[in-house]
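**Q** Predicted structure and sequence below. I'll ask about it afterward.
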Amino acid sequence: MVEPADRSSTAGQRLGAPESFGVSTLEPGLRPPAQPPGRQVSIRVQMLDDTQEVFQISQRSPGKVLFDLVCAHLNLVEGDYFGLEYQDQRKMTVWLDLLKPTLKQIRRPKNTILRFVVKFFPPDHTQLMEELTRYLFALQIKRDLACGRLICNDTSAALMVSHIIQSEIGDFDETQSWQHLLHNKYLPDQDAIRDEIIDCHREHVGQTPAESDYQLLEIARRLEMYGVRLHPAKDREGTKLSLAVANSGVLVFQGNTKINSFNWSKIRKLSFKRKRFLIKLRADPTNAHHDTLEFAMASRDCCKVFWKICVEYHAFFRLFEEPKPKPKPILFTRGSSFRFSGRTQKQIIDYVKDSEPKKVPFERKHSKMLSNSSMSPQSASTRSHVPKESATSIPLADQPDSDRLSHLAVPNGSEEPQAVTPPTNGLHGLTAAPGSDPTQPRQNHHVAGSVLDQQLLNPGSPGSENSPLGGPHVAVNGNGSVNGQRMGSTGVLGAEQSPEVQPLSPLTSPLLTEAGYVRNDEEDEARRKKFPTDKAYFIAKELLTTERTYLKDLQVITESFQSAVGKDEAFPDSVRSLISANYDPVYKFHQGFLKETEQRLAQWEGRSNAHIKGDYQRIGDVLLKNIQGLRQLTIHLQKHSECLVELERACRSSRKVETLCRDFEQQRVCYLPLNIFLLRPLHRLLHYKLILERLCKHYPPTHDDFRDCRAALADISEMVLQLQGIMMKMENFQKLIELKKDLTGVEDLMSPGREFIRLGCLSKLSGKGLQQRMFFLFSDCLVYTSRGMTPSNQFKVHGQLPLYGMTIRESEEEWGVPHSFTLFGQRQSVVVAASCASEMERWVEDIRMAIDLAEQSSGLNNDLLSTSLSDNKLSEDGGGEQESEDELGGSRSSLERQGHRGNTTVHVCWHRNTSVSMVDFSIAVENQLSGNLLRKFKNSNGWQKLWVVFTNFSLFFYKSHQDDYPLASLPLLGYSVTVPSESENIHKDYVFKLHFKSHVYYFRSESEYTFERWMEVIRSATCSTSRSLPSTRKDLY
């Protein structure tokens, strides 16, 4: 036995596990917990693979001892997702209480079989770190399908069964697959879709069992009935319903259809009185429900069983740590003493990341393929690792202990927990619920035998390569003996095998990750040392995160936009077909590209032998393969400019089409101007080129990945060069389209040959003094405007100056106005002032460059912008302030009737008194970035984890990368980006600060590379350029 002094610093102690019970799943170096003295009793447990194991426990042992023995037998690290269920004397299926003595719950142990099943279904299977855990979850899904509990359509059912068959018999063989389906029943109505199952199985060639488990769980987690365990009930009107509990809250079903859900954040209290189950909601004026919802169940016992699992689900998914036991009252008891026992999901994830558990092989029952879990070195090259979501460590955030969630209170003697309000970044996901009923066992195989237990109890002992993986049934007792014999000291893993890293999935809910949890700097440093630190890894991860955002952007065109205009007869069929024919193939291609990238990153940072040997610590081969495939789509990419032109032409010719596009732009999914989404595929080529340039610069020529990266860079550079002319023309065309929407009083803004150069705020000197005006510099003229008072907030043209023959002179001393200069045109002169010296320098440089371009052209262009103003004359003394709404709405352009456009770049420049050039827009195209960041406000204590997308001079904030639209945005023009000073007490690494006037935000990144990248791209938006336009824009590509 290990002395208490030796284990005072273990993860179990840090997690607050009770001293007498040990930890839920055994830690390296610890044996099963010591049991109270007394007579030994045999308990039978049926596993998820239908085998039965016998465990010896003391008659006074609590349920936790038995549960730990089962997890020890399986060598299961993430055992807290599972539970032991049984039928009590009332024939009700209940969960074994881990705190109560086992024999007080199971009255007749000889006649009772406990079932080891999944109890807590996480919303995302990527939160499961171990392959063994995913395998057990896959067995649970297989069981739910067979017994008809997991209800879904035929397509999903056939696809899931095909993955199960792939994991059991391997690649498709028509005779073998057909015979296997005849002899095994996976669905109640399997015969009806047998052909569809066979067709799906054909597509899985080369897929390993671990990959099949992953794909099975990926499909299952999206189903409405995933993990749902229905509890019959009736509402107040007597309508038959069913209640269920999930990670997100309490669900209400009618039949197999979910009709309502109550999130934990909306629930104030759960209770039951006799056979009435009560849900008390928080006060909400917008809520149509009563404050208290009442459901009638069959009996008080049914209410209590459901109430208990609700308490456990809430604690497991919502709390940061196991609830502390209540102090025992001296005289009277109030309410139930029941509480959740075990580690929360947050603690499990932290424990797996902090510890380095050794992996032990396990046997896949029914499978003719080998498992790839913790393979021996000899077999490592023949097996692949499970494709889980890419992940990395993000430092934890600060939050005072008072802000943490506490356990559910139970007042007033009615056994009701007090639900706790979650943080704003709470859980979101699919439904889940506890429990499972077993199917009939088909075979009598079992999971790994005594060798697994030897390794578990002696993790530091030398390995034995010849250890068998199978054997007879094993009886394990709490004293560390097997079948009554003390175990030897031989293990399974070889001494040369070191434990690998277990990173956290980026899809983990913000509540369950770093936000709002306290760690000291030493722990932060220790965590970072366990994860990939190579710069190439973070460059590859940038490829993954930006690819996810890019695919979402493509989805706006291929799904959302086409759905919005597809049913309207006014939208031209030719334009619809053109967009569909040239964007759908690109979207389909990048779906495969993203999947390959996710799998490679998962292998790179995963726990397979490939990670140790470095077989998958590269990305160049994936990039080379897909860029070569992308070259086949060049014909479609060349057509994207035609799509943009034809769509604009359709909008000009039909007000109804224009209205359709305008209405779509006002939807939340269209977070950028629609035309920008149309150009995304061309922009993405630049991103690939820059990523490959960084990889080639990082790698030495002798590196294994250098050759592939260099070849991929040559291919993508050729594509960029081929499409460079289209890119430049379409960027300018798109910008003119957007400016046309922001200006009123202009008819022919998009005349041939006109190029946009700069827009921004300058103060114009008039008889009333300096007045703020918005200036637009084009290659042939300078237009100045004021902000209108129409609902659309468009800018009204006041005047325009042709550039041909214009001269410019600084006039600060002449007029006594700081940063002022005078523009002398052939018809009129204008005195303007910039907000600062740098702004003045940018404007003067760009205007002089534009004048030179105009001088080099064919001569004076007499065709200025056509406006609705008479002779372009407005009294600048009166300015825009004296203009009526009728005057401002005088243009016949239908664009004036569009909705509010107060968040465009033009309006941001107006409010923040700054400017932006076409060079800045071009740089912003290549400086797009996505990823997880921790955000903190100036006066807040905690950090919130968000998925952040930087594009178009703005940060867009999402809960996760899977969201379809952002929660909020932050335009960065005018902001400054710095590093926090010592006085701000931000004692964390990789933190940068954004501030504008009194607005201050702090952001934390996960590594030095990502910190530098975020600083780089944000500076590109906050620091405007003033370089020469023609040469610089060519250099950009």
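**A** Alright, I've got the coordinates.
**Q** Flag every buried residue along the strand or helix carrying residue 589.
**A** Using DSSP states H and E, residue 589 sits within helix 573-604. Residues 575-576, 578-579, 582-584, 586-587, 589-590, 593-594, 596-604 are the ones in helix 573-604 that count as buried (16 or more other Cβ atoms under 10 Å). C-beta coordinates here come from the backbone N, C-alpha and C atoms, glycine included.
**Q** next one: stretch 44-53
**A** Neighbour counts over stretch 44-53 (16+ other Cβ under 10 Å) mark 45-51, 53 as buried.
**Q** Please narrow those residues to those residing in strands.
**A** Assignment to strands by DSSP state E places the following of those there: 45-46, 53.
**Q** just those now: which is nearest residue 361?
**A** residue 53 (17.9 Å; Cβ to Cβ).
**Q** excluding its backbone neighbours, what's nearest the closest one?
**A** Nearest residue to residue 53, sequence neighbours excluded (Cβ to Cβ, 6 or more residues apart in numbering): residue 45, at 5.4 Å.
**Q** is it true that that neighbour touches residue 86?
**A** No. With contacts counted by Cβ atoms under 8 Å, residue 45 stays clear of residue 86, the gap being 9.5 Å.
**Q** shared neighbours of the two, which are they?
**A** Taking Cβ atoms under 8 Å, 6 or more residues apart in numbering as the contact rule, residue 45 and residue 86 both touch 113-115.
**Q** just the buried members of the residues you listed?
**A** Buried among the shared contacts of residue 45 and residue 86 (16+ other Cβ under 10 Å): 114-115.
**Q** The shared contacts of residue 45 and residue 86 in strands, which ones?
**A** 113-115.
**Q** which of these lies closest to residue 627?
**A** residue 115 (50.8 Å).
**Q** okay, now residue 111: neighbour count?
**A** For residue 111, the count of nearby residues is 8 (other Cβ atoms under 10 Å).
**Q** can you pull the pLDDT of it?
**A** Listed pLDDT for residue 111 reads 83.
**Q** Could you do residue 852 as well?
**A** Value for residue 852, per-residue pLDDT: 87.
**Q** which stretches of the stretch 101-250 of the chain form helices?
**A** 102-105, 131-146, 154-169, 174-183, 194-202, 209-220 (DSSP state H, counting those that start in this stretch).
**Q** Which secondary structure elements does the fifth one sit against?
**A** Contact analysis of helix 194-202 by 3 or more Cβ pairs under 8 Å, 6 or more residues apart in numbering; DSSP states H and E lists helix 154-169, helix 174-183 as its packing neighbours.
**Q** about what we covered before: with pLDDT as new columns, can the buried residues of stretch 44-53 be given to me in CSV?
**A** Shown next, in CSV, are the buried residues of stretch 44-53 (pLDDT from 0 to 100):
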residue, pLDDT
45, 93
46, 92
47, 92
48, 91
49, 89
50, 88
51, 89
53, 91
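**Q** Quick one: find the helix or strand in the chain with the lowest mean pLDDT.
**A** helix 885-888 (a mean of 32; mean pLDDT, DSSP states H and E).
**Q** Could you give me the buried positions within stretch 647-663?
**A** Buried residues in stretch 647-663, counted by 16+ other Cβ under 10 Å: 647-648, 650-651, 657-662.
**Q** May I see these arranged in TSV, with secondary structure, pLDDT and distance to residue 697 as well?
**A** Listed next are these as TSV, based on DSSP: H, G, I helix; E, B strand; the rest coil; pLDDT from 0 to 100; distance: Cβ to Cβ, whole Å:
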residue	secondary structure	pLDDT	distance to residue 697
647	helix	92	39
648	helix	91	39
650	helix	91	44
651	helix	90	43
657	helix	91	47
658	helix	89	46
659	helix	90	49
660	helix	90	46
661	helix	90	42
662	helix	88	44
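**Q** Identify the farthest-apart pair in those.
**A** Farthest apart among the buried residues of stretch 647-663 by Cβ to Cβ are 648 and 659. That separation is 14.5 Å.
**Q** what's the longest helix belonging to the chain packed up against?
**A** Determined from DSSP state H, the single longest helix within the chain is helix 706-742. Using 3+ Cβ pairs under 8 Å, 6+ apart as the contact definition, the elements that helix 706-742 packs against are helix 620-631, helix 634-653, helix 674-698, strand 756-766, helix 905-912, helix 918-926, helix 1029-1036.
**Q** make it 7 Å
**A** Here helix 706-742 touches helix 620-631, helix 634-653, helix 674-698, strand 756-766, helix 918-926, going by 3 or more Cβ pairs under 7 Å, 6 or more residues apart in numbering; DSSP states H and E.
**Q** Perfect, that will be all.
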